[in-house]
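Engineer: below: sequence and its predicted model.
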Amino acid sequence: MASALDGLDISALLPPSLLLSPRLSAHKYLMVCTLTVAAWDTLVLSPRTWKLMKTSEWPFLKIAYHILRYLMPIEFTITAVAFFDTDFSLARCNKFYLFEPICTVVLMCVASASLAVRLYAVYDRSKLVMGLLGGFLFLQIVAMGVCTAFYKVVPLATGQGCIAGPQFNWVGVYWLAPTLFYAFCLALAVTRSAQVQKVKPTNLWKLFLRDGLNLYGAIFLVNLINVVFWFVITPTGPEDAIKTICTSITAVLTTTMTLRVILNVKGSLVSGGSYGGSFNTSQSGNGPNGTYSQQARNPPTNVPHQLSSRQVQSTTNAQNIGYSNDHPGQVGGKKEQANWANGEEEEEEEVDVKAGYMVDDLSARDHYGEKPQRLDDDGAFLRAKTTGGIGVKVSVDRDIK
């Protein structure tokens, strides 16, 4: 019995949907991973998406967020049906194969435009930065649009899936263009963070997370790996779809990281939002993280005329007062202060009252829905704290500009 089975080719008994090459099997496994990431991300971001939806403003970043948020799972759900349906014939695939490349162009271009708008805000609305990013984005749109016309159906047996592949090797420019754009975005983000770090030193890990460098880096890295597959890996034949094995997961991860870049914005999303390390920003409104009102981070320190009838009254030098940055409308730089109690130094967030920082009114809320501490009866709010046991009284006119 054993000798009779040794000469039997079991593959002849299997349907084409199970007769997959190792590379095609890997392609299907990676598609499963892609769908898992898309489904998980859709569920995880649902509460924050609803919170963003309820804000009154509709700037570009909010519109782009919702386009990416819903188009991505819709695209890859439909693509997966064609990929795993065992009855999906080659004739049907000839009519369908351009669906994924076209939808991916929309995803990638909207994601790139979102990063361009965000970096434009990070660089204090620099026209030079927007011009450079706009030029790269235009080249990306043209390159991806042209390359879409040179896709073809990968000749697979019925039941093995419907996959779009390149007619020529240079069609990889479809992915090279966005990869170069994301490399430039990463370079801009790192450069800006380095500039801020020189002026306002902070913990590198906090800087890394605050500026979203991990997100920009992840976007660039996944696109770079995809480009390597396009230009370095050699197919074994026309039915080998190894070049496109990473395209789906690349589009999904690029989308999810871009969504988090948008959600990472503190305050209003108008004009790209504000930047945590900016030297002069002025934003107010409703953002993905709640109601926000903010003025310059580092304004001139000698602006006494900005105070109106009420003056700061204190039992000690106002320079030794530290103010927390826990609430909207309270934004200040870092300052090291001597601890009056034990002589130690601690780093506190401060609001320089002499510089005319604005405080919110009675309707002010922080990102967790709590009211700031009220200090006077005029409706002006400001949370103040001292580093020792000396009492401090601060009166601030709510008309401070």
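Structural biologist: Done, it's in. Numbering: from 1, shown residues only.
Engineer: check the gap between the closest residue to L269 other than its chain neighbours and A38 for me.
Structural biologist: Excluding its sequence neighbours, the residue lying closest to L269 (CB to CB, 6 or more residues apart in numbering) is L61, at 4.2 Å. Yep, even glycine has a C-beta here, placed from its N, CA and C like the rest. In this view, L61 and A38 are 21 Å apart by CB to CB, to the nearest Å.
Engineer: and what of R48?
Structural biologist: Following CB to CB, the distance that separates R48 from A38 is 17 Å.
Engineer: again with A116
Structural biologist: 24 Å.
Engineer: tell me which of R48 and A38 has more neighbours.
Structural biologist: A38 (24 against 16; other CB atoms under 10 Å).
Engineer: isn't the more buried one up against L71?
Structural biologist: No: with contact defined as CB atoms under 8 Å, A38 does not reach L71; the gap is 11.0 Å.
Engineer: what comes into contact with stretch 141-158?
Structural biologist: If you take CB atoms under 8 Å, 6 or more residues apart in numbering as the criterion, stretch 141-158 is touched by 16, 19, 24, 86-90, 93-94, 97-98, 101-102, 105, 108-109, 162-168, 171, 173-174, 176-178, 238-239, 241, 244.
Engineer: how long is that stretch from one end to the other?
Structural biologist: 34 Å (CA to CA, to the nearest Å).
Engineer: helix or strand right after the longest helix along the chain?
Structural biologist: Assignment by DSSP state H gives helix 173-199 as the longest helix of the chain. The helix or strand immediately downstream of helix 173-199 is helix 204-210, counting by DSSP states H and E.
Engineer: in that next one, what's buried?
Structural biologist: L207, R210 (16 or more other CB atoms under 10 Å).
Engineer: the closest residue in space to L90 that isn't next to it in sequence: what secondary structure?
Structural biologist: Nearest residue to L90, sequence neighbours excluded (CB to CB, 6+ apart): T158, at 6.3 Å. Under DSSP: H, G, I helix; E, B strand; the rest coil, T158 falls in the coil class.
Engineer: give me the pLDDT for T158.
Structural biologist: Model confidence at T158, expressed as pLDDT, equals 82.
Engineer: tally of neighbours for it?
Structural biologist: Counted with other CB under 10 Å, T158 comes out at 18.
Engineer: give me the distance between it and K54.
Structural biologist: 48 Å.
Engineer: before we move on, back to that, could you report the neighbour count for the residue nearest to L269?
Structural biologist: Counted with other CB under 10 Å, L61 comes out at 27.
Engineer: and V129, what element?
Structural biologist: Per DSSP H and E: helix 127-148 holds V129.
Engineer: residues touching the nearest residue to C162 once chain neighbours are set aside, list them.
Structural biologist: Of all residues not flanking C162 in the chain, C93 sits nearest, at 3.7 Å (CB to CB, 6+ apart). C93 is in contact with A82, V153, C162, counting by CB under 8 Å, 6+ apart.
Engineer: swap in 10 Å and give it another go.
Structural biologist: A82, F83, V153, V154, P155, L156, T158, G161, C162, I163, A164 (CB atoms under 10 Å, 6 or more residues apart in numbering).
Engineer: equivalent analysis for I78, please.
Structural biologist: F96, F99, E100, C103.
Engineer: does the last one touch V252 like I think?
Structural biologist: No: judged on CB atoms under 10 Å, C103 makes no contact with V252 at a distance of 11.8 Å.
Engineer: report pLDDT for D378.
Structural biologist: 46.
Engineer: below-threshold pLDDT in the stretch 201-350 of the chain: ranges please.
Structural biologist: Scanning the stretch 201-350 of the chain for pLDDT under 70 picks out 276-350.
Engineer: tell me where it has helices.
Structural biologist: Taking DSSP state H, counting those that start in this stretch, the helices of the stretch 201-350 of the chain run over residues 204-210, 213-231, 247-263.
Engineer: how about TSV for those helices, with distance to L188 added?
Structural biologist: Converted to TSV, the helices of the stretch 201-350 of the chain look like this (distance: least, CB to CB, whole Å):
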stretch	distance to L188
helix 204-210	15
helix 213-231	9
helix 247-263	13
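Engineer: which one of these is the most hemmed in?
Structural biologist: Among the helices of the stretch 201-350 of the chain, judged by mean count of other CB atoms under 10 Å, the one packed with the most neighbours on average is helix 247-263 (a mean of 24).
Engineer: check contacts around the residue lying closest to A189 once chain neighbours are set aside.
Structural biologist: Ranked by CB to CB, 6+ apart and with sequence neighbours excluded, the top spatial neighbour of A189 is Y216, at 4.7 Å. For Y216, the contacting residues are 115, 118-119, 182-183, 185-190, 193, 257-258, 261, by CB under 10 Å, 6+ apart.
Engineer: show me the shaky parts of the stretch 1-150 of the chain.
Structural biologist: Checking the stretch 1-150 of the chain against pLDDT under 70 turns up 1-9, 11-12.
Engineer: what separates V110 from T258, distance-wise?
Structural biologist: Relative to T258, and taking CB to CB, V110 is found at 8 Å.
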